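Participant: okay, sequence plus prediction incoming.
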Amino acid sequence: MYEQISHSVLNDILDELKAEYQHDEFQHFFIRLGANFYAIHDLFSQLYGHREDIKAQLTKLVKALIAAYQARNNDLKQLDFAREKDHNWFLSQSLVGYALYCKEFANDLTGLRKQLPYLEELGINLVHIMPILDCPTTENDGGYAVSDYQKINPQVGTNDDLSDLSEALKQKNMLLVLDVVVNHTSNQHAWAQAAQQGDKKYQDYYYTFEKREIPDQYEQSMPEIFPEQAPGNFTWNPEMEKWVMTVFNDYQWDLNYQNPAVLIEMVSIILFWANMGADIVRLDAVAFLWKKIGTQCQNEHEAHLILQLMKDCCQVVAPGVLFIAEAIVAPVEVTKYFGEDAINAKECEIAYNATLMALLWDSVATKNAKLLNNAIKSIPDKLERTTWLNYVRCHDDIGLGFEDASIAESGYDPVMHRKFIIDYYTGNQEYSPARGVAFGVNEKNGDARIAGTLASLAGLEKALEQNDTQAIGQSIDTIILLHSVILSFGGIPLLYYGDDLGLLNDRSYLDDDLKKHDSRWVHRPTMRWDLAEKRNTIGTTQSRIFNHLKALITIRKTTRAFADYNTRTIIDVDNPHLFAFSRFDRLKRRASVLVLCNFDNKPQTLQLQQLQEQGYLTGHHAKDLATGNTIALTDDCLSFKPLQFYWLTYASV
Ligand code: OTU
């Protein structure tokens, strides 16, 4: 939008900088800057308008953008143009992701490059490497406590190794996802070190307080994120003789975005990794970016303004690069990270679908889809050109982040129900096949979350121990069923390393003093390449899981109805064990694939009439894409084996 005030500011800034930058090579940059500057100016003014130096700060920001554009190589600039043309590229069903720890998966970046054929074999074309920036060897929260934002952790390699990997990925048409930990730094970061040495400038990069008064006021409404290992939200720093805000672990210092210098630094860092070849940047803990006394200090309006600014700046320099919002928050809050009052994404194009993930685990435990069916509807519609990251497991815990109201609507008592789910997964109960571990137990409010690998939570560990063939089969069926949902739901499916082989819990973290207080390490095992070999031996657990997933991934990629154009309808069916939804082909706008899942470990049936009344499956037969079988629709009912799912198509796909 053109608007006089911001445009005159832009003209002033450009006049000042003109001598330094030739316009020709910056043509595209300046067109994009002109297009976004009204928004950048507006957002910047909303956040920092009260400051006298706002124009100087804005000039610094523009300078940082110019520098980043200058550093962006031609190949990446060409990619930006290509993506601009094919602007729906990331909604395609052809994307299938995989998240891994570089060290645990392949030792280092060179090792990872060598393992790309394995990922390709599975059908993966988007690789999320968990944080690999430099961090202390001891207190690092699995890489989420960064000590140098522009340097790869020497334990996994060098910046050049990353460039090589990025190159190799591009040649294979695979996308690279990197983390930028935007909310906090390690206490070993140069900024935190300077702050500790008394440098006022860098103390202002963080929330630091001489007295307890303000921290106490904050604490009244701030929840504890890691109540066991890091209670409270502030840590006393004896060097500074000040309290510093540490929402996560005490060595993770929260950055203060009320200081525009922090925002400008972080925009430059995001662009640095965009220029190193990241196709997508995962922004960690975005809900926490703005703190305000009297609030939970999550999902604040200003956090959204910051993300919009980051997006607007990224679009000027590297418009082909996307953002993932890591916001594990209530369903009504999460869609706001795509942006509000807009048609297309204006914050992050991609967001973790934690609600779906948690609901899937609820369905596995209850063996029905009551809550899943109810609560999935509480996720508001998302904007066009935005997409979900759908996942079953990730490196973090499983939090039961659905609403109490939905639980009650499903006929359960919310407190009892949550307790049941936690017990089912972490209580080592006789009746439960799951072998999880509790995480984040909060004695004060009874909260708890769940850790454990997919396979151990799905019952494989216990079944193998008891040598129970039927239970082994059911746990494998559960693993496949869960993936069948994330592969078809709409969004980018993100597999978690090791789940492709059914890796079990790794309890070795308990012997490590640095890790033993954080049970999430139970599901961050070292990749078992010896077991990976077994995928080639028919009948092994590894072969049953890997090859089934691989087959489903292949089918997903050729099923256009699985692209994410917000073309999904949840279908009400009266058998509570079943979850049903239809997916449409964007062009045909009619149901192309019906996804039907049985969460019970017993056979179930569905009256076809119910579907036919809604216009589905009215013909004589349908094809199950998942198996290739033709299903006769001549009976009244469709039958399901325990934990079976269908991907039924009856129109051209
Ligand atoms: C994120 O997590 C990371 O995924 C975690 O691995 C880090 O420990 C954490 O940030 C700090 O960097 O911020 O918006 O319940 O879900 O901490 C959600 C634990 C987050 C995680 C939560 C999360």
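Facilitator: Structure received.
Participant: so which bits of the stretch 51-200 of the chain are right by the ligand?
Facilitator: Contacts of the stretch 51-200 of the chain with the ligand, taken as C-beta under 6 Å from any ligand atom, map to 141-142, 144, 181. All C-beta spots, glycine's among them, are computed from the backbone N, C-alpha and C.
Participant: out of those, who's nearest the ligand?
Facilitator: Y144 (3.3 Å; C-beta to the nearest ligand atom).
Participant: surely that closest one is in contact with D284?
Facilitator: Yes. Counting by C-beta atoms under 8 Å, Y144 touches D284, with 6.3 Å between them.
Participant: ok so, going back, identify the farthest-apart pair in the residues of the stretch 51-200 of the chain next to the ligand.
Facilitator: G142 and V181 (10.7 Å; C-beta to C-beta).
Participant: who has more neighbours out of these two?
Facilitator: Neighbours were counted for G142 and for V181 using other C-beta atoms under 10 Å; V181 has more, 26 against 18.
Participant: I'd say that one and A285 touch.
Facilitator: Yes. Applying C-beta under 8 Å, one finds V181 in contact with A285, separated by 7.5 Å.
Participant: how much space separates the nearest residue in space to E121 that is not next to it in sequence from the ligand?
Facilitator: Of all residues not flanking E121 in the chain, K550 sits nearest, at 7.1 Å (C-beta to C-beta, 6 or more residues apart in numbering). Using C-beta to the nearest ligand atom, to the nearest Å, one gets 27 Å for the distance from K550 to the ligand.
Participant: torsion angles phi and psi at K550?
Facilitator: Backbone geometry at K550, expressed as degrees, to the nearest 10, gives phi -60, psi -40.
Participant: can you name the residues that contact it?
Facilitator: 121-123 (C-beta atoms under 8 Å, 6 or more residues apart in numbering).
Participant: adding neighbour count, write those out as CSV.
Facilitator: Converted to CSV, the contacts of K550 look like this (neighbours: other C-beta atoms under 10 Å):
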residue, neighbour count
E121, 12
L122, 19
G123, 19
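Participant: residues of the stretch 201-350 of the chain that sit close to the ligand?
Facilitator: 225, 248, 284-285, 287, 326-328.
Participant: hang on, the earlier thing: among the residues of the stretch 51-200 of the chain next to the ligand, which are in helices?
Facilitator: In helices, judged by DSSP state H, none of those are found.
Participant: now, which of those sits nearest D600?
Facilitator: Distances from D600 to those, taken by C-beta to C-beta, are shortest for G142, at 35.9 Å.
Participant: still on that earlier bit, between G142 and V181, which contacts overlap?
Facilitator: In contact with both G142 and V181: P131, using C-beta under 8 Å, 6+ apart.
Participant: can you point me to the longest helix in this structure?
Facilitator: Assignment by DSSP H; longest helix in the chain turns out to be helix 27-48.
Participant: tabulate the residues of the stretch 201-350 of the chain next to the ligand (a markdown table), appending secondary structure.
Facilitator: As requested, these are exported to a markdown table (DSSP: H, G, I helix; E, B strand; the rest coil):
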| residue | secondary structure |
| --- | --- |
| I225 | coil |
| F248 | coil |
| D284 | coil |
| A285 | coil |
| A287 | helix |
| E326 | coil |
| A327 | coil |
| I328 | coil |
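Participant: between which two of the residues you listed is the distance greatest?
Facilitator: F248 and A327 (14.6 Å).
Participant: neighbour count: those two, which is higher?
Facilitator: The residue with more neighbours, out of F248 and A327, is A327; 27 against 22, by other C-beta under 10 Å.
Participant: so what pLDDT did the spatially closest residue to that one that is not a sequence neighbour get?
Facilitator: Using C-beta to C-beta, 6+ apart and skipping residues adjacent in sequence, the residue nearest A327 is A287, 4.4 Å away. Turning to A287, the model gives it a pLDDT of 98.
Participant: quick one, strands of the stretch 201-350 of the chain?
Facilitator: 208-209, 234-237, 242-245, 252-254, 280-283, 322-325, 350-352 (DSSP state E, counting those that start in this stretch).
Participant: measure whichever residue of the stretch 451-600 of the chain sits closest to the ligand to I398 for me?
Facilitator: Among all residues of the stretch 451-600 of the chain, R520 sits closest to the ligand, at 7.0 Å; criterion: C-beta to the nearest ligand atom. R520 sits at a distance of 10 Å from I398 (criterion: C-beta to C-beta, to the nearest Å).
Participant: shared neighbours, the two?
Facilitator: Common neighbours of R520 and I398 (C-beta under 8 Å, 6+ apart) are A451.
Participant: burial of the residue nearest to A327, as a residue count?
Facilitator: Counted with other C-beta under 10 Å, A287 comes out at 23.
Participant: joint contacts of Y144 and D284?
Facilitator: 131, 179, 181.
Participant: can you convert those into CSV and add a column each for pLDDT?
Facilitator: What follows is the shared contacts of Y144 and D284, written out as CSV (pLDDT from 0 to 100):
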residue, pLDDT
P131, 98
D179, 98
V181, 98
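Participant: please flag which of these sit within strands.
Facilitator: Per DSSP state E, strands hold the following members of the shared contacts of Y144 and D284: D179.
Participant: for the shared contacts of Y144 and D284, which one is nearest H483?
Facilitator: Among the shared contacts of Y144 and D284, and counting by C-beta to C-beta, the member closest to H483 is D179, at 23.6 Å.
Participant: identify the bridge partners of the closest one.
Facilitator: R282 (DSSP bridges).
Participant: so it touches G142, yeah?
Facilitator: No. Here D179 lies out of contact with G142, judged by C-beta under 8 Å, at a distance of 10.3 Å.
Participant: just checking, W388 is part of a helix?
Facilitator: No. Per three-state DSSP, W388 lies outside any helix segment and is strand.
Participant: once you drop chain neighbours, what's closest to it?
Facilitator: Of all residues apart from its sequence neighbours, G491 sits closest to W388 (C-beta to C-beta, 6+ apart), at 3.0 Å.
Participant: contacts only, for A434.
Facilitator: A434 touches 365, 424-426, 452, 456-459, 462, counting by C-beta under 8 Å, 6+ apart.
Participant: output those in a markdown table; the columns should cover neighbour count, pLDDT and secondary structure.
Facilitator: Below are those laid out as a markdown table (neighbours: other C-beta atoms under 10 Å; pLDDT from 0 to 100; DSSP: H, G, I helix; E, B strand; the rest coil):
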| residue | neighbour count | pLDDT | secondary structure |
| --- | --- | --- | --- |
| A365 | 20 | 98 | helix |
| Y424 | 21 | 98 | helix |
| Y425 | 26 | 98 | helix |
| T426 | 24 | 97 | helix |
| G452 | 26 | 98 | coil |
| S456 | 26 | 98 | helix |
| L457 | 32 | 98 | helix |
| A458 | 30 | 98 | coil |
| G459 | 24 | 98 | coil |
| K462 | 19 | 98 | helix |
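Participant: hey, where'd the strands end up in the stretch 1-150 of the chain?
Facilitator: Using DSSP E, counting those that start in this stretch, strands in the stretch 1-150 of the chain cover 97-100, 126-129, 133-134, 148-152.
Participant: I should have written the stretch 451-600 of the chain there, sorry.
Facilitator: Using DSSP E, counting those that start in this stretch, strands in the stretch 451-600 of the chain cover 492-496, 568-570, 578-584, 591-598.
Participant: by mean pLDDT, which helix or strand of the chain comes out lowest?
Facilitator: Least confident helix or strand, the chain: helix 4-18 with a mean of 88, by mean pLDDT, DSSP states H and E.
Participant: give me the contact list for it.
Facilitator: 30, 33-34, 37-38, 40-42, 55, 58-59, 62-63, 66.
Participant: okay, which residue is most central for this structure?
Facilitator: Y352 (3.7 Å; C-alpha atoms, centre = their mean).
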